[in-house]
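In: model the structure of this input:
(one chain, ligands or ions: 1)
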Amino acid sequence: MNSEVYLDTVVIGSGILGLSIAYYISKKFPNMTIAVLEKNPTFGVETSSRNSEVIHAGIYYKKNSLKAKYCKLGKEMIYDICKKNSIQFNKCGKFIVINNDEQYSNLIQIKENAFYNDVDLKYLDKNEMSNIENLSHFNGALWSSETGDLPPIL
Ligand SMILES: Cc1cc2nc3c(=O)[nH]c(=O)nc-3n(C[C@H](O)[C@H](O)[C@H](O)COP(=O)(O)OP(=O)(O)OC[C@H]3O[C@@H](n4cnc5c(N)ncnc54)[C@H](O)[C@@H]3O)c2cc1C
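Out: All right, here's what the predicted structure looks like:
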């Protein structure tokens, strides 16, 4: 018996990236034979299923970097895919807070970087923070309305 298998493509690792790449290739080239090799007994049991499940807005990446570009694009795609497929998501936003006035310049730097990455952050001063439950003791914050998360899959 001939046990040789001819494969066009081998993807090593079945985390989110390996599976996405294999899926994309299979859609684009339906006649290709593809194998995904995984060292664990099943797929997706390492970093991809152990992360914080935050949908990042793309605030911190260096301007003009591919990470900045694809974080923003990926975020929009995740929200879109969730909506189209009735997958629960929580566009809850995120506060980046400061404890004292010396940290104000850090907020400005973050806001500037986010601006170049086309991510809108709103600055809230101490006065505005004082009206927000549980956050009234902070000296200021940036509000990222685009950040979200996915509820855990049980
Ligand atoms: C603590 C933490 C929190 C994070 N939080 C977030 C978050 O909130 N939001 C977000 O967007 N991103 C987050 N990330 C980043 C995100 O989880 C990763 O970028 C993503 O999961 C990477 O996917 P991957 O497929 O490259 O890697 P993995 O999921 O690690 O998959 C790699 C696979 O390759 C397999 N493998 C490795 N070597 C071999 C080999 N030689 N032969 C066969 N198989 C092999 C592994 O077993 C594994 O299954 C977080 C990362 C960490 C570490």
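In: use CA for all of it now, contacts and neighbours both
Out: Will do.
In: for the longest helix seen in the chain, which outside residues touch it?
Out: Assignment by DSSP state H gives helix 66-84 as the longest helix of the chain. Helix 66-84 is touched from outside by 55-62, 87-89, 117, 119, with contacts defined as CA atoms under 8 Å, 6 or more residues apart in numbering.
In: out of the residues you listed, who's the most crowded?
Out: Ala57 (27 neighbours; other CA atoms under 10 Å).
In: what about the nearest residue to that one once chain neighbours are set aside, how many neighbours?
Out: Distance criterion CA to CA, 6 or more residues apart in numbering; nearest residue to Ala57, sequence neighbours excluded, is Thr147 at 5.0 Å. By the criterion of other CA under 10 Å, Thr147 has 19 neighbours.
In: got it, and Arg50?
Out: Neighbours of Arg50 under the rule other CA under 10 Å: 9.
In: need the strands for this protein, in chain order.
Out: For the chain, the strands defined by DSSP state E occupy 9-12, 34-37, 54-55, 94-98, 121-125, 140-144, 148-149.
In: show me what from the chain comes close to the ligand.
Out: Those residues of the chain that sit near the ligand, judged by CA under 6 Å from any ligand atom, are 12-18, 37-40, 43-48, 51-55.
In: of those residues, buried ones?
Out: Buried by 16 or more other CA atoms under 10 Å: Gly13, Ser14, Gly15, Gly18, Phe43, Gly44, Ile55, out of the residues of the chain next to the ligand.
In: and Met77, how far from Leu7?
Out: 31 Å (CA to CA, to the nearest Å).
In: neighbour count: those two, which is higher?
Out: The neighbour comparison of Met77 against Leu7 (other CA under 10 Å) goes to Met77, with 13 against 10.
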